[in-house]
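Colleague: Give me coordinates for this.
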Amino acid sequence: MQGVLEQVPASAQHAHLLLAQARAHIRSSTLICDQDPDGAYALLYDAARKALAAVLANQGLRTTTRLGHHRTVYEVVRAQLDPPLGAELRPFGRMRSLRSAAEYPSLDEAPLTEDHVLADAAKAQVIVEVCAQVLGAMPVYKRDQGHRDLQ
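Modeller: Below is the predicted model:
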């Protein structure tokens, strides 16, 4: 995964902002899911993605567009946390697929429903809380402390 991350100033403040947005997205998604399941699911997915991005922001890292931000943020955080927390993060991959299907709908696939949103709201909440809990334990990336070059 060479070249998929860039170093930026580490920011706990930015990480906490992303987590606050993630929590608000989850609340909002459950409020609108009966009328707009696709929009609600997009908010839910964004909540999980922002929580993962918060971990990287706290470490002074950000994804590049080389492999796609969404996939990369998940892969990098999962690589750091699995084990022991990989199972809690795993729903993100499926959520990414469902969100993509909603973004690019096909007449051959069933649309998202309120039930999809409500079922995955709990999973997104777990991802947000796991990311919030690990912030203090995740080291700030320092290139000069034995880490491989990101480029």
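
Colleague: Give me the buried stretch members for stretch 101-119, please.
Modeller: For stretch 101-119, the neighbour count (16 or more other CB atoms under 10 Å) marks Ala101, Ala102, Leu112, Glu114, His116, Val117, Leu118 as buried. The way it works is simple: take the backbone N, C-alpha and C, and place the C-beta from them, glycine included.

Colleague: For Thr113, what are phi and psi?
Modeller: Main-chain torsions, Thr113, degrees, to the nearest 10: phi -130, psi 170.

Colleague: residue ranges with poor pLDDT in this structure?
Modeller: 1-2, 65-68, 144-151 (pLDDT under 70).

Colleague: For it, just list every one of the strands.
Modeller: 5-7, 61-63 (DSSP state E).

Colleague: Give me the neighbour count for Val126.
Modeller: Neighbourhood size, Val126 [other CB atoms under 10 Å]: 17.

Colleague: gap between it and Phe92?
Modeller: Using CB to CB, to the nearest Å, Val126 is found at 10 Å from Phe92.

Colleague: Repeat that for Val117.
Modeller: For Val117, the distance to Phe92 - CB to CB - is 15 Å.

Colleague: Centre-most residue in the chain?
Modeller: Arg49 (2.0 Å; CA atoms, centre = their mean).

Colleague: Wait, it touches Val77, no?
Modeller: No. Using CB atoms under 8 Å, Arg49 and Val77 do not qualify as a contacting pair, with a distance of 10.2 Å.
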